[in-house]
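Q: Using only what follows, build the 3D model:
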Amino acid sequence: MEALDSREFAEWMAYYSLEPWGEERADLRAGIIASTIANRHRDPKREKEAYKPQDFMPLLQRPSAADTLTASIKQGFAKFKKQVKARG
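A: The predicted structure is shown next:
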């Protein structure tokens, strides 16, 4: 079994921020195609608003692992910063 050290993990997170991959990215591509087709066949008199790719992405509300990790790290640093300030 291989392990990932913190430096390599940070590099993967940086790479993901530049070139996202996985199901969320695939859902976005599918949403773009679906919204394009839906807007092409939309009756603007009945449907005033154009469809957006997000309208076709049912799992969009779920945060990604990278977002969850980033939020957790930020919270940890905020707590640490408060403790340092309190000490003096």
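Q: Least confident secondary structure element in the protein?
A: helix 65-87 (a mean of 79; mean pLDDT, DSSP states H and E).
Q: Quick one: list the elements packing against it.
A: helix 6-18 (3 or more C-beta pairs under 8 Å, 6 or more residues apart in numbering; DSSP states H and E). Glycine gets a C-beta too; all of them are placed from N, C-alpha and C.
Q: which element follows the helix it packs on toward the C-terminus?
A: Moving toward the C-terminus from helix 6-18, the next helix or strand (DSSP states H and E) is helix 23-40.
Q: How far off centre is that following helix?
A: 16 Å (C-alpha atoms, centre = their mean, to the nearest Å).
Q: Might you list the low-confidence residue ranges for this structure?
A: Scanning the chain for pLDDT under 70 picks out 1, 59-64.
Q: Could you check the angle the least confident helix or strand of the chain makes with helix 6-18?
A: Put simply, helix 65-87 runs at 120 degrees to helix 6-18, going by axes from the mean of the first three to the mean of the last three C-alpha atoms, to 10 degrees.
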